[in-house]
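S.K.: Give me a model of this one.
(one chain, ligands or ions: 1)
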Amino acid sequence: MAFVGVAGAIGISAFGIVVLQGPTYWLGLASYVIWGSCYFVATMLHDVKVRRRVAANDALVCWQCWYPLTNVEPGRCPECGTPFDREALRLAWTKALYRR
Ligand SMILES: [Zn+2]
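M.R.: Below is the predicted model of the structure:
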């Protein structure tokens, strides 16, 4: 997820370099870098938030809406109705957050 932020920041900066020429070039580049950084920080914070919630609930968090499913009967998420399987969910979160 943090990777998306980095890729986004690089992509946005590249867009600024290629598309914005002339007097607005540096202004455009600066604003794209600033927005790219904001986006990067936002995804980092989002990443930390998801990790904390997943860790606190033993990876039993809804894949769609992050609703904690620790005390919920297997079947569907009561918040958004997404079907879930405890083992599949644990595996999916572990793969998504801890593959390094
Ligand atoms: Zn849900």
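S.K.: alpha carbons only for contacts and neighbour counts from here, please
M.R.: Fine.
S.K.: Pass me the low-pLDDT residue ranges in this structure, would you?
M.R.: Within the chain, the stretches with pLDDT under 70 are 1-10, 12-23, 100.
S.K.: please redo it, this time with the cut-off set to 80
M.R.: Applying pLDDT under 80 to the chain picks out residues 1-26, 28-29, 98-100.
S.K.: Please identify the residues of it in proximity to the ion?
M.R.: 62, 65, 77, 79-80 (C-alpha under 5 Å from the ion).
S.K.: What sits closest to residue 59 if chain neighbours are left out?
M.R.: Spatial nearest neighbour of residue 59, excluding adjacent residues (C-alpha to C-alpha, 6 or more residues apart in numbering): residue 90 at 5.1 Å.
S.K.: how about the helices of the protein, start to end?
M.R.: For the chain, the helices defined by DSSP state H occupy 2-19, 25-56, 86-98.
S.K.: For residue 73, which of those helices is the nearest?
M.R.: Nearest to residue 73 among the helices of the chain is helix 86-98 (9.7 Å), distances taken as C-alpha to C-alpha.
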